[in-house]
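Dropping the sequence and predicted coords here.
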Amino acid sequence: MAPDAVTLRSLLVFFNAFETLSSLHFIKFIEIIRSTSTDKIPAAMEQNGFLTSSLLYYILWRDLSASAGLLIGFFISLFIVIRRRWFWLNSLITFILFIILTRFGPPVWQYSNQILSYPGKLFNNTVAEFLVTGLLLLGIGLFLFFSRHTTRFVDSKYKV
């Protein structure tokens, strides 16, 4: 796809979907943090058998999962552009642009996860929240990549 808003949004949605779904591995940990006041979190963690390393492991797992989602989204984009004979460098430029925007970009990229995770917050269950949000984001990402409307739009503008 072209380095346009559709591909950028698809990468963002994949990034957030994998990050959200990775949280399913740490449900008990997350529930303890959510249900405890800030000043009592260390005691609650210790009481439930979590160490400081558990927090580091959670952050590492979440970030690696988000990066895996970004790479999978990039490879899907690359597969589509090669299969449709569009210019492959556009996918690479979009991938690099996404990394730059998430690292140095405007704060809107930091707040996008809050907006995209809203549907799952309608549930009172942490598992349902993360599962619904992650699967919904994954579905949106796949729709953006494989939609006929997206294909027609790109075909009309970026055929090589």
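Arrived safely. Residues are numbered from 1 along each chain as shown.

Next, count neighbours for Phe146.
12 (other C-beta atoms under 10 Å). The C-beta positions use only the backbone N, C-alpha and C, and glycine is treated the same way.

Which of the helices or strands spans the nearest residue to it once chain neighbours are set aside?
Nearest in space to Phe146, with sequence neighbours left out and distances taken as C-beta to C-beta, 6 or more residues apart in numbering, is Ile80 at 7.8 Å. Here Ile80 sits within helix 52-83, counting by DSSP states H and E.

for that helix, which positions count as buried?
Neighbour counts using 16 or more other C-beta atoms under 10 Å place 58, 62, 65-66, 69-70, 72-74, 76-78, 80-81 of helix 52-83 among the buried residues.

Just want the angle from the helix or strand containing Glu31 to helix 52-83.
Per DSSP H and E, Glu31 falls inside helix 27-35. If you take axes from the mean of the first three to the mean of the last three C-alpha atoms, to 10 degrees, helix 27-35 sits at 110 degrees to helix 52-83.

same question for helix 27-35, mean pLDDT?
What helix 27-35 shows for mean pLDDT is 85.

can you check stretch 64-81 too?
Mean pLDDT, stretch 64-81: 90.

Tell me how far that stretch lies from the chain's centre.
11 Å (C-alpha atoms, centre = their mean, to the nearest Å).

contacting residues around it?
1, 7, 10-11, 13-19, 21-22, 86-88, 90-92, 94-95, 98-99, 141, 145-146 (C-beta atoms under 8 Å, 6 or more residues apart in numbering).

can we see that at 6 Å?
By C-beta atoms under 6 Å, 6 or more residues apart in numbering, the surrounding residues in contact with stretch 64-81 are 1, 7, 10-11, 14-15, 17-19, 22, 88, 91, 95, 145.

As a quick check, tell me the outermost residue of the chain.
Ranked by distance from the centre of the chain (C-alpha atoms, centre = their mean), the top residue is Gln47, with 31.7 Å.
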